[in-house]
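Undergrad: This is the structure alone, sequence omitted:
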């Protein structure tokens, strides 16, 4: 019997959880563990030993959050989280980053995170970059509608490949080797999670204005199949990094 997939996720917002991919991991009988950074007081610093042993993690999922990757003074644990991600990626193990999570992976790979020219919140289309090498790059649909909720974005990490973007934010999805995929958007979003965000992040909601910011009522009114489009995209990303991780393990054996 093969051992269970050990999935660890870094959580930055109370109640956010895995979103749509929880059922995906449950169907695979994965062992799921989490680090709840949101539960730490703002000025808390952590040692690396407070985070899981890297050898005990088969897949890292890094979720979104309201803080900036650069908020080290308010959240000193960010320094430790980024250092742990650096060490994890150096082993070649697979990772998925969602919004803040995608920025954290980029930061761990040496990229800068800064304000995006436009704030983006609501359902928007993102578009596949043309002429991607099908042999080495994850093939995404030409166009996908996904939930956006961000005011910052990442520089493309050295050695990474840009997969998708849009007019509001040219860097929406990137791939680092065949090991890690970072999203600026939220493909994991479900109706339950989105309602929770609007209910719990009223101050954050009030700060968002601009041509790419939908009214909450409009964002919440989308049909269920709109969520499913992003959910499927995320499942395909997870399958991609896991498949290639398994291939690397097999070739190394």
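TA: Structure received. This is a predicted model, so every value here is computed, not measured.

Undergrad: Going by neighbour count, which residues of the helix ranked longest in the chain are buried?
TA: Looking across the chain with DSSP state H, the single longest helix is helix 224-252. By neighbour count, with 16 or more other C-beta atoms under 10 Å as the criterion, the buried positions of helix 224-252 are 226-227, 230-231, 233-235, 237-238, 240-242, 244-245, 248. C-beta here means a position set from N, CA and C on the backbone, and glycine is covered the same way.

Undergrad: Determine which residue lies closest to the centroid of this protein.
TA: Relative to the mean C-alpha position of the chain, the nearest C-alpha, by C-alpha atoms, centre = their mean, is the one of residue 98, at 1.3 Å.

Undergrad: From what I see, it and residue 187 are in contact.
TA: Yes. Contact criterion C-beta atoms under 8 Å: residue 98 and residue 187 qualify, at 7.2 Å.

Undergrad: what do these two both touch?
TA: Each of residue 234 lies in contact with both residue 98 and residue 187 under the rule C-beta atoms under 8 Å, 6 or more residues apart in numbering.

Undergrad: contacting residues for residue 40?
TA: In this structure, residue 40 makes contact with 46, 75, 77, judged by C-beta under 8 Å, 6+ apart.

Undergrad: and residue 132, what are its phi and psi?
TA: With angles defined as degrees, to the nearest 10, residue 132 sits at phi -80, psi 140.

Undergrad: And residue 97, its phi and psi?
TA: Per-residue torsions, residue 97: phi -120, psi 130 (degrees, to the nearest 10).

Undergrad: mind checking how far it is from residue 206?
TA: Distance of residue 97 to residue 206, given as C-beta to C-beta, to the nearest Å: 26 Å.

Undergrad: lowest average confidence, helix or strand, in this structure?
TA: Within the chain, judged by mean pLDDT, DSSP states H and E, the helix or strand with the poorest mean is helix 202-207; its value is a mean of 86.

Undergrad: coming back round to it: quick one: which of residue 97 and residue 206 has more around it?
TA: For residue 97 versus residue 206, the count of surrounding residues by other C-beta atoms under 10 Å is larger for residue 97: 28 against 8.

Undergrad: so that one makes contact with residue 62?
TA: Yes. Taking C-beta under 8 Å as the definition, residue 97 is a contact partner of residue 62 at 4.4 Å.

Undergrad: Mutual contacts of the two, please.
TA: Both residue 97 and residue 62 are contacted by 104, 105, under the criterion C-beta under 8 Å, 6+ apart.

Undergrad: mind listing the helices for this structure?
TA: If DSSP H is used as the criterion, the helices of the chain fall at 21-27, 77-90, 100-108, 191-200, 202-207, 216-220, 224-252.

Undergrad: nearest to residue 174, of these?
TA: Each of the helices of the chain has some distance to residue 174 by C-beta to C-beta; the shortest is helix 100-108, at 7.4 Å.

Undergrad: okay, the angle between the closest one and helix 77-90?
TA: For the pair helix 100-108 and helix 77-90, the angle between their directions (axes from the mean of the first three to the mean of the last three C-alpha atoms, to 10 degrees) equals 70 degrees.

Undergrad: which secondary structure elements does helix 100-108 contact?
TA: For helix 100-108, the elements it packs on are strand 59-62, helix 77-90, strand 95-98, strand 113-128, strand 143-154, strand 173-176, strand 180-183, judged by 3 or more C-beta pairs under 8 Å, 6 or more residues apart in numbering; DSSP states H and E.
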